[in-house]
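Student: The following block contains a protein sequence and its predicted model.
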Amino acid sequence: MIGVRQHFTPLQRLLHWLMAVCILAMLFIGVGMVSTVMPKYLTLVSIHKPLGIAILVLALVRLGVRLRYGAPSLPADLPEPMKLAAQLSHYALYILIIGMPLLGWGMLSAAAYPVVLFGGAHLPAILPQSDGLHTLLWNAHFYLAFVFFALVLLHIAAALFHALVRRDGVFDAMAPVPTHDEVVPAE
C-alpha cells in the first residue's frame, strides 16, 4: 500500500492533543462557572473567554491542516456502522469545537459584555445588543455544552475501544508519541 498514510502528521497530533487539554479544561471551567457564585466565578470567566477564543483559532488551524493533509483510512474490517459513527461524530466535534466559542462570543456581544483576551485586548462585538438574543444564545451555549461533554466522553470511549479491545491501529494513528510500527529504522 504505497502512498497510504497510517498515521496523522506530527502537526495534526500536536493540535489534537493541545486542543484536547484546552477543551477538557474549558468544560471543567464551564462547570465551575455555572455551579458557583463565589468570587472565583470572575476568575473562571476571565479564563473561559480567552480560552474559548484560543480553541476557536486552534480549531480553524486544525481544520485547515485536516483539509490539507487528510486522515488515515479506517481499518478495512471495521463494520460500516462504526465507520459512519466515526465520521458523523468527527463532524459533530468540529461543529461544536468551532460553534461553541462563536456562540459564547455572540452571547457576550448580545449582552454588550466585552470579550477580553490576555493582555487587555478586546474583540469586537459580532452581534447587536439584544436581551432576547442573549438569552437564546446563553441557553444554546449552556445546553450544547452538555452535548459537547457527552460527545467528548464518547470520543474517549471510542479511542479506548480501538486501543484496548480492537487493537486495530486507530488509536496509534493519533497517539501523542510515535508507536513502534511508525518508527523508521536507521539505515
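Tutor: Nice, I can see it. Numbers count the residues shown, from 1 in each chain.
Student: Wasn't H141 part of a strand?
Tutor: No - with DSSP: H, G, I helix; E, B strand; the rest coil as the criterion, H141 is located in helix rather than a strand.
Student: neighbours around it, how many?
Tutor: As a burial measure, H141 scores 22 neighbours (other C-beta atoms under 10 Å). The C-beta positions use only the backbone N, C-alpha and C, and glycine is treated the same way.
Student: now swap in G104 and tell me
Tutor: Neighbour count for G104, taken as other C-beta under 10 Å: 24.
Student: Low-confidence ranges, the protein, go.
Tutor: Along the chain, the model assigns pLDDT under 70 to residues 1-4, 178-187.
Student: Which residue, neighbours along the chain excluded, lies closest to the spatially most central residue of it?
Tutor: For the chain, I97 is the residue whose C-alpha lies nearest the centre (C-alpha atoms, centre = their mean; 4.3 Å). Among residues not flanking I97 along the chain, A59 sits closest, at 4.4 Å (C-beta to C-beta, 6 or more residues apart in numbering).
Student: Burial check on the one you found, number of neighbours?
Tutor: 22.
Student: which outside residues touch the one helix or strand L14 maps to?
Tutor: Using DSSP states H and E, L14 sits within helix 10-34. Residues from elsewhere that reach helix 10-34 (C-beta atoms under 8 Å, 6 or more residues apart in numbering): 8, 40-41, 44-45, 47-48, 51-52, 54-55, 58-59, 61-62, 65-66, 69, 97, 142, 145, 148-149, 152, 174-176.
Student: now those: which count as buried?
Tutor: Buried members of the contacts of helix 10-34, scored by 16 or more other C-beta atoms under 10 Å, are 8, 44, 47-48, 51-52, 54-55, 58-59, 62, 65-66, 97, 145, 148-149, 152, 174-175.
Student: can you map out the strands along this protein?
Tutor: Remark: strands assigned in the chain by DSSP state E are 115-116, 122-123.
Student: okay, these in a markdown table with mean neighbour count next?
Tutor: Shown next, in a markdown table, are the strands of the chain (neighbours: other C-beta atoms under 10 Å):
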| stretch | mean neighbour count |
| --- | --- |
| strand 115-116 | 18 |
| strand 122-123 | 12 |
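Student: Spatially, what comes nearest to H141 if we skip its sequence neighbours?
Tutor: Leaving aside its sequence neighbours, H141 is closest to L103 (4.5 Å, by C-beta to C-beta, 6+ apart).
Student: Distance of the one you found relative to Y113?
Tutor: With distances defined as C-beta to C-beta, to the nearest Å, the gap from L103 to Y113 amounts to 14 Å.
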